[in-house]
Structures are given as C-alpha cells and as structure tokens.
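**Student:** here you go, sequence then predicted model.
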Amino acid sequence: MFCNYCGASNPDNASFCNACGKAIARPPANVAPREEVSAKIAPPGPPEETPAAFRVIDHRVGSSPEKVRTWTGHTGSIYSLAFSPDGRWLASGSLDKTAKLWNVSDGRELRTFTGNMVFTCVEFSPDGRWLVLAATNGSPLSDDKPPGNSITLWDSASPGEVRNLTGHKGQVYFVKFSPDGRWLASTNGTGPINLWDVSTGRIIKVLKPGWVRSKLLGGTFGSSLTFSRDGLILATRHMPAMLWDLSSGKGGNFGHEPLFSSSVSEFLGFTPDGKSLVQVNAFGAIRIWDLSTGTVARSLADPSKTNSVQGAALSADGSLLAVAMNSGAAEWERGEEIALWDLAAGRILGTVAVYLCFDHMPLAFSPDGLWLATGDMLYGGEKPAGRIRLWRTSEIR
C-alpha cells in the first residue's frame, strides 16, 4: 500500500502513512451490510484486528453487569472518547497510536485506525456521517522539533474513503464540530484556533488569542473547545477562558476574570438553553456563568477534594456533570475518583473509583445520558492495557 501523498510504502492494513502521517485512501471494500447497522453510521467492514472481547471486570470497585461494562483493546492510555449521535457507536483515541470504533451494544471492536502519531481527539459530526480523527506528536509548548499533525475525516457512509484537512500548524489536541456540522474547530489548546469549512476542507477563519496566552497560558488536555448551541459563539480554554464571536472573529475574556487567573479551566460546556456556560477549573471548583450578564450565577465545589481535575464532561441535556479528580495515590498507580453531579440540585449523586496513567482522563456521556464512558489503564498481567468502561449513570450512587 503506497501513500497517496508522499508515495511511501506502508503495510497493507495501515490507515495512516508511517512517513508523513496522512491518511491512506483505499478503494471501498465489497462488504455485505450488517443487520444491526444504522443508516447513518455504517461499519467499515471486517475489523483490521481481532475484536476485543466484551467483558465485565473490576469487581474491586463493586462492579456488576448492570453497573459497568468494560472493554480492552488499546495498549496505551486513552486520550479521547466520543459517542455517535445515535448512541450506537463509541470512538476512542489512544497513546498507542491507534483509534478504534466500538459497537456500544455488545462491545465489539469494528475498526482500528493506525498511524505513527498519538490520536489525541476523536469527534462525531452532529449528523453522524463524519468521524474526525486528530493525531499529533511532541509537546504543545516545545520548539525542539517541527511538530507533526494529522486531521482526517472518515466518511461513515463510504468506509473506504477518507479526507485529510491540511493547513493546521503545530500540534493538534482538540477538534470540535459546530452544532450544524458545517464547521470544525481545531487547536493545540494554547495557540490559534482554525475554523474549517467541512464541505470544502478549507480554513475559513483563524482566531488568534495573542502571544501571552499562546506561549505562557492555556493547557493541553481536556475539553478546550465548545460551541454555543446556536453556533455563533466559541468558548476556548485559554487562561482565562475566552468567548469568540464567530461572525467577527473577535474574542475576549468572559465574565470578570483577570488575564492572569488563579487557575486554568479544565472544562467548558454550554447548557442546552444557551444561557449559561459551565466551567470546571483545575482545582475542582464549578462555576455556572450567566452569559447575559457575564457574572457567576452559581458556584459549586466538593470541599473534601483539593487535588487536580483530570477531566470532565457535561450530559447533552445539561443535567449531569462528571468530574474526574486525582486522589493523590502513588505515582505509578494514580487513583482517580469520578464524581457525578446533579447540576440543578447542586449536589454530588455518587462517585466511582478508577485508575489513571499520565495526567488526563477522557469522559463522555451517551446522548441519552444513561451511560458515562471513561478511559483509564488496567494494570496486572503481562502488560498494562488501555481500558474503556461504560458506567450506568443511574447506578452511580
């Protein structure tokens, strides 16, 4: 298999070129459709690797078949998780330089995308047609070597076809579709944000946060981009968080946060009514901002926790917030506790104990809010494995 861009030779089962990192387009395979496949998100045919078995494990934290499902298949830490809009598929991106597509109903691994860079973000378009895969190398603040990146759109309606988005400079750690699916935003979490026209694959606008924010502030992992429900505003996690008017391309601090805020935002998410922005900072404080006044409408916090936030997610209806926090265990087995918040009541519904490798834990709610997907490491045996677990939210008490 030869790369369509640089001509380098690659293994026949490669999804991304080992030389330039771009996606390898191959002719569509003649594969009979499966009965359980939805019209919007078709499987790409036989899996490229042996499917991972669907298992329920980890009784150490009180697991039961009704409470948690566990999948293994990745050999490294998982960076990103995303459900398809119909809730039937889950995508994962990992440090092991693979991204995977899973069948949520039975845990089957439908496809593995391989490359020579770390898959840092996966995201489905609102209509379920596109799956964007972002991959990168190096550190976001390092100038030691030219950074590499790959942003690829996989068309679920034509599993043998992929599109490369070229023009993003530096690493890429975050990608996000606009609510109508016409635009895609990409950034490394500290520097400029590219706004892409999905139909043409071209950058139509570049949002520049300035030198201080780009080089000294901001972050790398977490949820750095979120569109308002009407698609007119983009919130980014630069320190402090910023709101961008996409019609003018102008941005500024939201609320009354000073430029040198005391802590970085680890998560930002608009509520479904578009009136509020939920912010989780690095030390676990939760603030709900009133966008009409730029003031904090409510503040929530778990006073028993003072360690750093490692990830957060907001359910589609805005009722549930999941926050992963480091519990201060030994470095080689860093304990995490995920708290599930009822935002309307302002209280924690329950917690679950998990493990983490490195400083980030991806979280994702299913579209109906019934499941919370988490990614961590499973230790023991010959090798550690990246582990995906689906927790039934009604059982987190």
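**Tutor:** Great, that's in hand. Numbers count the residues shown, from 1 in each chain.

**Student:** C-alpha only now, for contacts and for neighbours.
**Tutor:** OK.

**Student:** quick one: the strands in the stretch 251-397 of the chain?
**Tutor:** Under the criterion DSSP state E, counting those that start in this stretch, the stretch 251-397 of the chain contains strands at 265-270, 276-281, 286-290, 295-300, 309-314, 320-326, 334-342, 347-356, 363-365, 371-378, 385-392.

**Student:** any regions of the stretch 251-397 of the chain where pLDDT drops low?
**Tutor:** 252-265, 302-307, 327-335, 356-359, 379-383 (pLDDT under 70).

**Student:** same thing but at 80, please
**Tutor:** Along the stretch 251-397 of the chain, segments meeting pLDDT under 80 span 251-266, 282-283, 301-308, 326-336, 355-360, 377-384.

**Student:** what's the closest of the strands of the stretch 251-397 of the chain to Asp96?
**Tutor:** Smallest distance to Asp96 across those (C-alpha to C-alpha): 8.8 Å, for strand 385-392.

**Student:** returning to what we had before: indicate which one of the strands of the stretch 251-397 of the chain is closest to Val122.
**Tutor:** Closest among those, once you apply C-alpha to C-alpha, is strand 363-365, at 11.2 Å.

**Student:** quick one: the helix or strand encompassing Leu90 to strand 385-392, angle?
**Tutor:** Using DSSP states H and E, Leu90 maps to strand 89-94. Here the directions of strand 89-94 and strand 385-392 differ by 150 degrees (axes from the mean of the first three to the mean of the last three C-alpha atoms, to 10 degrees).

**Student:** distance-wise, check Arg88 relative to Ser105.
**Tutor:** Distance, Arg88 to Ser105, by C-alpha to C-alpha, to the nearest Å: 7 Å.

**Student:** which residues of the stretch 101-250 of the chain fall in helices?
**Tutor:** Assigned by DSSP state H, counting those that start in this stretch, the helices in the stretch 101-250 of the chain fall at 211-216.

**Student:** so what's Pro147 closest to, chain neighbours aside?
**Tutor:** Gly170 (5.1 Å; C-alpha to C-alpha, 6 or more residues apart in numbering).

**Student:** quick check, pLDDT for that neighbour.
**Tutor:** Gly170 carries a pLDDT value of 81.

**Student:** measure it to Glu123 for me?
**Tutor:** 19 Å.

**Student:** more crowded one of the two?
**Tutor:** Comparing Gly170 with Glu123 by neighbour count (other C-alpha atoms under 10 Å), the higher total belongs to Glu123, at 25 against 22.

**Student:** shouldn't the more buried one be in contact with Leu133?
**Tutor:** Yes. Assessed by C-alpha atoms under 8 Å, Glu123 is found in contact with Leu133 at 7.0 Å.

**Student:** quick one: closest of the strands of the stretch 251-397 of the chain to Val118.
**Tutor:** Nearest to Val118, of those and by C-alpha to C-alpha, is strand 385-392 at 13.6 Å.

**Student:** helices or strands up against that closest one?
**Tutor:** Secondary-structure packing of strand 385-392 (3 or more C-alpha pairs under 8 Å, 6 or more residues apart in numbering; DSSP states H and E): strand 68-74, strand 371-378.

**Student:** 10 Å - rerun?
**Tutor:** strand 68-74, strand 78-83, strand 89-94, strand 347-356, strand 363-365, strand 371-378 (3 or more C-alpha pairs under 10 Å, 6 or more residues apart in numbering; DSSP states H and E).

**Student:** nearest to Trp154, of those?
**Tutor:** strand 89-94 (11.8 Å).

**Student:** so what are the sheet partners of that closest one and their directions?
**Tutor:** strand 78-83 (antiparallel), strand 98-103 (antiparallel) (DSSP bridges).

**Student:** highest average neighbour count across those strands?
**Tutor:** strand 78-83 (a mean of 27; mean count of other C-alpha atoms under 10 Å).

**Student:** report the angle between that strand and strand 347-356.
**Tutor:** Using the same axes, to 10 degrees: strand 78-83 against strand 347-356 is 130 degrees.

**Student:** so the strand holding Leu90 versus strand 68-74, what angle?
**Tutor:** Using the same axes, to 10 degrees: strand 89-94 against strand 68-74 is 50 degrees.

**Student:** tilt between strand 89-94 and strand 371-378?
**Tutor:** 30 degrees.

**Student:** oh, and call the first residue 45 from now on, that's how I've got it
**Tutor:** Okay, residue one is now 45; in that scheme the one you just asked about reads as strand 133-138.

**Student:** what's across from Val396 in the sheet?
**Tutor:** Ile382.

**Student:** more neighbours, Arg132 and Ser149?
**Tutor:** Arg132 (18 against 11).

**Student:** for the residue lying closest to the more buried one once chain neighbours are set aside, give me its contacts.
**Tutor:** Spatial nearest neighbour of Arg132, chain neighbours left out: Val148 (5.3 Å); criterion: C-alpha to C-alpha, 6+ apart. Shown in contact with Val148 (C-alpha atoms under 10 Å, 6 or more residues apart in numbering): 98, 113, 127-128, 131-135, 410, 434.

**Student:** if we can go back for a sec, quick one: closest of the strands of the stretch 295-441 of the chain to Asp171.
**Tutor:** strand 407-409 (17.1 Å).

**Student:** residues making contact with that closest one?
**Tutor:** 123-127, 131, 134, 266-267, 354-360, 364-368, 382, 415-420, 432-435, 437.

**Student:** would you quantify the distance from Trp146 to Ser320?
**Tutor:** Distance from Trp146 to Ser320, by C-alpha to C-alpha: 33 Å.

**Student:** got it, and Phe409?
**Tutor:** For Phe409, the distance to Ser320 - C-alpha to C-alpha - is 19 Å.

**Student:** give me the more crowded residue out of these two.
**Tutor:** Neighbour count, other C-alpha under 10 Å: between Phe409 and Ser320, Phe409 has more, with 25 against 21.
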